[in-house]
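Asks: How does the following fold in three dimensions:
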Amino acid sequence: MTTTTPAESTGDGAGTPEQDHFSQVYHLIMAAWGSQAVRAIASLSVAEHLDSGPLSAQDIALRESSDPAMTYRVLRAGAALGLLTHDTEQGTFSPTPMLAVLHEDSPVSLKHYAQAAIGPAFWLPAVLLPEAVAAGSPQAVQALGSTVFEYFGKNPEEARAFGAAMTDLSTPVIREAAAVIDVGTATTVLDVGGAHGVFVSELVHRNPRLTGSVLELAHVAEAVAVEARERGLEGRITGIAGDFFESVPTADIYLLKHVLHDWDDTACHAILSNIRDAMPPGARLFVVEMLIGEGGASSGAALMDMAMLFATTGQERDLSQFDALLAAAGLCRTRAVALRSPYCLIEAEVR
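Replies: Below you'll find the predicted structure:
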C-alpha cells in the first residue's frame, strides 16, 4: 500500500538559503489557492462523508453530484495540505485530525468560516488590496458594487453563511469571555450587532436569571430565534431589528464582539455613544476584539487587519486605541482580560 502524507507530498528539499527563501515566498503566494482548496473541501462536506471510513473521489463525487475528476484533484490538494491522507493503491482518502476542524459537528468547527471568509464578499475586494493601499480606502464598492454589509443585505444566502462563519470563528473565544464576565445583579443583556446571538446565548445559558436580546439588521435578527431554540433558550433571548448607528435599547450589560474592528473611528464613536446614551446607572459594556500587542501584531491579527483594510473602513487596534475610542464616547475601561491570542475582553462603564 502506498499512502501519500503531507510531508511526502510537498516536493521540498534542503537547498541554499536563497532557494529556501524562494520556496517560502512561493508557498506564501500559493496559499491563496490552498485556501480555496480548503473552501472546496468544506463545501463538499468531505469531513462528514469520511465519518464512515476511507472513500474514493468518485464515492464523494457521487454523494455530492460533483465532477469525479475535479473532486479527485481537490482531494489530492487536501492531502498535500495535511487535511487528508491518500492511499494511492486503493484510490481512497482518509481524514487527518486537521480535517475534523471542517466537520460541522466539531466543537471548534471552521466549516462555515472556510466557505464564507474567502467567498465572493471578501475574495473579490481582496484582489484589489494594492489598489486599496494606493487609494487609502477599502475597495468593496469597486469589487462588489456596494459595501460588504450592503452586499449581504442584497444576498441573503451569503449573509446567512457569513453569520454562520462568525459563529464558527467566535465560539471558542466566546466561551472564554463568558466565563470571566461577572454579571453581578444584572438581569438584562444586549448583544449589539451580535449576528445570530452566540455570545448572548452563552452568557444567558451560564446565568439563569439573565434574559437577552440581539440588536441586528432585520435580515439577520430573524436567525436569533433559531439559535435560541437550538440552545434551549427560547423565550429568554429575542432578536431586535434595528441599526446601532441610530439607537440602542436599554440593558444592564452590553456585549460588543467583532464589531468595532469593522468601522473607522468616527463610526465607532457613533456606536459607542449610542450605547453610552442608553446605559442606565451601573450598566457595563464588554468588548471582545483582536488586540495588536505592544510588541507588534500576531499573524492572526495582522491578516485580519488586511481583511479590514480591503473590505471595510475598520482596522485591528491596540489597547490605547480602544481606550481613546471609549474616552471619546464618555466611557472608561475598568478591566482588560487576555483571552486566547490575539483576543482580549475589555470591560467599560460610563465615565
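
Asks: Please count neighbours and contacts with C-alpha atoms only from this point.
Replies: Fine.

Asks: isn't residue 289 right up against residue 343?
Replies: Yes - counting by C-alpha atoms under 8 Å, residue 343 is a contact partner of residue 289 at 5.6 Å.

Asks: And these two? Which one has more around it.
Replies: Using other C-alpha atoms under 10 Å, the more surrounded residue of residue 289 and residue 343 is residue 289, with 23 against 18.

Asks: just checking, what packs against the helix or strand where the more buried one lies?
Replies: For residue 289, the enclosing helix or strand under DSSP states H and E is strand 284-292. Strand 284-292 is packed against strand 253-257, helix 299-311, strand 317-318, strand 343-350, with contacts defined by 3 or more C-alpha pairs under 8 Å, 6 or more residues apart in numbering; DSSP states H and E.

Asks: Identify all contacting residues around that strand.
Replies: 177, 252-261, 297-298, 301, 316-319, 341-350 (C-alpha atoms under 8 Å, 6 or more residues apart in numbering).

Asks: can I assume residue 30 sits in a helix?
Replies: Yes - assessed by DSSP: H, G, I helix; E, B strand; the rest coil, residue 30 belongs to a helix.

Asks: What's the local residue count around it?
Replies: A count of neighbours around residue 30, defined by other C-alpha under 10 Å, yields 11.

Asks: Identify the residue nearest residue 192 in space, chain neighbours excluded?
Replies: The spatial neighbour of residue 192 that comes closest, neighbours along the chain excluded (C-alpha to C-alpha, 6 or more residues apart in numbering), is residue 215 at 5.0 Å.

Asks: burial count for the one you found?
Replies: For residue 215, using other C-alpha under 10 Å, the count is 26.

Asks: Kindly report the same for residue 124.
Replies: Neighbours around residue 124, by other C-alpha under 10 Å: 18.

Asks: The one 3 residues further on now?
Replies: The tally of other residues near residue 127 (other C-alpha under 10 Å) stands at 13.

Asks: Then residue 32?
Replies: 12.

Asks: swap in residue 271?
Replies: Using other C-alpha under 10 Å: residue 271 sits among 23 other residues.

Asks: Okay, angle between whichever strand or helix holds it and strand 284-292 too, please.
Replies: Element membership for residue 271, per DSSP H and E: helix 265-278. Helix 265-278 runs at 160 degrees relative to strand 284-292, counting by axes from the mean of the first three to the mean of the last three C-alpha atoms, to 10 degrees.

Asks: Packing partners of helix 265-278?
Replies: Checking 3+ C-alpha pairs under 8 Å, 6+ apart, helix 265-278 ends up next to helix 319-328.

Asks: So which other helices or strands are in contact with the helix it packs on?
Replies: Packing contacts for helix 319-328, counted by 3+ C-alpha pairs under 8 Å, 6+ apart, involve helix 265-278, strand 331-338.

Asks: Mind doing that once more with 10 Å?
Replies: Contact analysis of helix 319-328 by 3 or more C-alpha pairs under 10 Å, 6 or more residues apart in numbering; DSSP states H and E lists helix 265-278, strand 284-292, strand 331-338, strand 343-350 as its packing neighbours.

Asks: avg pLDDT for that helix?
Replies: Helix 319-328 shows a mean pLDDT of 98.

Asks: Over to stretch 299-309?
Replies: 96.

Asks: Any buried residues in that stretch, and which?
Replies: Counting neighbours by 16 or more other C-alpha atoms under 10 Å, one finds that the buried residues in stretch 299-309 are 301, 302, 305, 306, 307, 308, 309.

Asks: Same check on stretch 65-81?
Replies: Neighbour-count burial for stretch 65-81 flags 68, 71, 72, 74, 75, 76, 77, 78, 79, 80, 81 (criterion: 16+ other C-alpha under 10 Å).

Asks: Would you mind giving those as TSV with pLDDT, secondary structure and distance to residue 56 added?
Replies: Below are these laid out as TSV (pLDDT from 0 to 100; DSSP: H, G, I helix; E, B strand; the rest coil; distance: C-alpha to C-alpha, whole Å):
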residue	pLDDT	secondary structure	distance to residue 56
68	98	helix	9
71	98	helix	10
72	98	helix	8
74	98	helix	12
75	98	helix	9
76	98	helix	11
77	98	helix	14
78	98	helix	13
79	98	helix	13
80	97	helix	16
81	97	coil	18
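
Asks: List just the nearest of those residues to residue 145.
Replies: Nearest to residue 145 among those: residue 74, at 30.9 Å, using C-alpha to C-alpha.

Asks: I'd guessed that closest one sits against residue 37; true?
Replies: Yes - under the criterion of C-alpha atoms under 10 Å, residue 74 lies in contact with residue 37, with a separation of 6.1 Å.

Asks: tell me the two of the buried residues of stretch 299-309 that are most distant?
Replies: Checking the buried residues of stretch 299-309 with C-alpha to C-alpha, the most distant pair is 301 and 309, at 12.1 Å.

Asks: who touches both of the two?
Replies: Common contact partners of residue 301 and residue 309 (C-alpha atoms under 10 Å, 6 or more residues apart in numbering): 315, 316.
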